[in-house]
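Colleague: sharing a sequence plus its predicted fold:
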Amino acid sequence: MPPLTADKTMDKLVSLAKRRGFVFQSSEIYGGLGSVWDYGPLGVELKKNIKERWWRSMVHERQDIEGLDAAILMHPKVWEASGHVSGFTDPLVDCKHCKNRFRADDPRIKGTPGQPDGQCPVCGSKGTLTAPRQFNLMFKTFMGPVEEQAAVIYLRPETAQGIYVNYLNVLQSSRQKIPFGIAQIGKAFRNEITPGNFIFRTREFEQMEMQFFVKPGTENEWFGFWREERMKWVEGLGIRSGKLRWHQHGPDELAHYAKDAYDIQYEFPFGWQEFEGIHNRTDFDLSNHQKHAGKKLDYLDPKTNERFVPYVVETSAGADRTALVVLCDAYREEEVRGHEAAEGEGGEGGGGDQRVVLKLKPSLAPLKAAVFPLVNKDGMPELAHRIHDDLRRHFNVFYDDGGSIGRRYRRQDEAGTPFGITIDGQSTQDQTVTVRDRDTLKQDRVAAGKLVEYLTQKLAG
Ligand code: GAP
């Protein structure tokens, strides 16, 4: 099979995502809304599995982290205190000729914007680009019936601030002691200027963030600890380790709140890019909220009687971007040999001896198994429905009796379903079924009554 170009891989993934019901363009029947995406029946399951895995490891499995679900809308002063009103900006330039707008650091721009040699990458005019202006990435709206400056409210650009403003509430109600953390999963919004690459950079997305509050002076130790923990978690998603690396932010890359930051990057078809960041945010946020709100946010250490404003180590992952990592890493086009080559009718990848398969970790897969009566007669559908009903009480499973068995296998390969359960002529005689493994294509014969146990074991991890 010829090697895939980066663009082709993304195009194929986007088309598979639509075909199988992972991700659809928002408001598609109206021509779509720029860089906003909807998750279909399989996509919502995949993203939910990722979020649940994160929640389990960050909240349930740890005694020192509490969960939170703060509102998206917050007091507008929060964003002044956090530095987002003044500092959460991208430099923009406009072309006075063709009216297009770009980020000032767009690599396609030739020359210097604002100078006679600045050349528009779209219409090619020279000297028509404006000097860079700062553009705030926060979405604004109004609270209440009057659209005036005093009623301006923002859609949060990060979930972290909901944690900072609730830090005392959680500390006091949970009776935690420092060091401890607060975790939350929720929507964030950014009016990105150069969004793109499918669900990589969107204007509405979900973050999985955890702020860990520590004693000043211990932040470097905790920073190292959380870097290690987060990489372990990412590897646990089944991502190929050669496709993962660390990237430390240089001084000009650091966000306005960060003293040190490391990204976990993945080698996407369009290059190495971040999908999670570990940040040393010092006492930047809590100290600023203390000042702006006029409320003490310091901590009294019960052992030493010392008072201090805690330092924060943040772990911040995008749920959508992590889902894209998982999808990109799982996407394969393969040649199929043996009996399946004759049975299959191919997916996007072509004819009967080729298949497109999502090799998702079974515990992340949206559907855990599909149930197929080999033919729609001779008692097979009845038994297949009984097995499907039984399995449904334990796992998300799918029933499919349409088309040849090979075609049904291929559809489930594209959906990333790890197991295909076929009810054949022998099944109605001895109550056994075949279970086909998506990756090895091997088939086991399993007693129908043992399927729950069999799948539970295979899906662990
Ligand atoms: N609270 C820190 C923070 O928000 P960030 O590096 O701006 O840090 C963290 O964002 C993560 O959120 C990113 O690594 C990415 O996974 C996700 N993210 C940020 N902007 C995004 C966007 N426009 N679309 C999708 N995901 C985004």
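Modeller: Everything's here; your move. Only a predicted model underlies this, so the values are computations on that prediction, with no experimental measurement involved.
Colleague: not counting the helix or strand residue 134 falls within itself, show me its contacts.
Modeller: Here residue 134, judged by DSSP states H and E, is contained in strand 133-136. Strand 133-136 has contacts (Cβ atoms under 8 Å, 6 or more residues apart in numbering) with 84, 85, 88, 89, 90, 91, 92, 93, 191, 193. Where C-beta positions appear, they are placed from N, C-alpha and C, glycine not excepted.
Colleague: ChimeraX command to pick out the buried ones of these?
Modeller: Those of these that count as buried under 16 or more other Cβ atoms under 10 Å are selected in ChimeraX with:
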select :84,85,88,90,92,93,191,193
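Colleague: among the contacts of strand 133-136, which are in strands?
Modeller: Those of the contacts of strand 133-136 mapping onto strands are 89, 90, 91, 92, 93, per DSSP state E.
Colleague: my read is that the third one contacts residue 106, right?
Modeller: No. No contact is recorded between residue 91 and residue 106 when judged using Cβ atoms under 8 Å, the distance being 10.1 Å.
Colleague: tell me how many other residues crowd residue 459.
Modeller: By the criterion of other Cβ atoms under 10 Å, residue 459 has 18 neighbours.
Colleague: can you verify my assumption that it contacts residue 364?
Modeller: No. Using Cβ under 8 Å, residue 459 is not in contact with residue 364, being 10.0 Å away.
Colleague: next, whichever residue of the chain sits closest to the ligand: phi, psi?
Modeller: Nearest to the ligand, among the residues of the chain, is residue 318, at 2.4 Å (Cβ to the nearest ligand atom). In terms of degrees, to the nearest 10, the main-chain angles of residue 318 are phi -90, psi 130.
Colleague: ok so, going back, want to throw the contacts of strand 133-136 into a markdown table with pLDDT?
Modeller: Formatted as a markdown table, the contacts of strand 133-136 follow (pLDDT from 0 to 100):
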| residue | pLDDT |
| --- | --- |
| 84 | 97 |
| 85 | 96 |
| 88 | 94 |
| 89 | 92 |
| 90 | 88 |
| 91 | 91 |
| 92 | 93 |
| 93 | 94 |
| 191 | 95 |
| 193 | 84 |
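Colleague: quick revisit: for the residue of the chain closest to the ligand, what are its contacts?
Modeller: Neighbours of residue 318 in contact, by Cβ under 8 Å, 6+ apart: 205, 206, 207, 208, 275, 276.
Colleague: so can I have JSON lines of these showing distance to residue 102?
Modeller: As requested, the contacts of residue 318 are exported to JSON lines (distance: Cβ to Cβ, whole Å):
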{"residue": "205", "distance to residue 102": "22"}
{"residue": "206", "distance to residue 102": "27"}
{"residue": "207", "distance to residue 102": "26"}
{"residue": "208", "distance to residue 102": "31"}
{"residue": "275", "distance to residue 102": "24"}
{"residue": "276", "distance to residue 102": "27"}
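Colleague: how about the residues of this protein near the ligand?
Modeller: 158, 160, 190, 192, 201-202, 205, 207, 209, 274-277, 314, 316-318, 320-321 (Cβ under 6 Å from any ligand atom).
Colleague: helices along the stretch 301-450 of the chain, start to end?
Modeller: 319-330, 339-343, 380-392, 405-415, 425-430 (DSSP state H, counting those that start in this stretch).
Colleague: would you mark the buried spots in the last one?
Modeller: Residues of helix 425-430 classed as buried under the neighbour-count rule (16+ other Cβ under 10 Å) are residue 427.
Colleague: which of the helices of the stretch 301-450 of the chain comes out lowest on mean pLDDT?
Modeller: Mean pLDDT is lowest for helix 339-343 out of the helices of the stretch 301-450 of the chain, coming in at a mean of 71.
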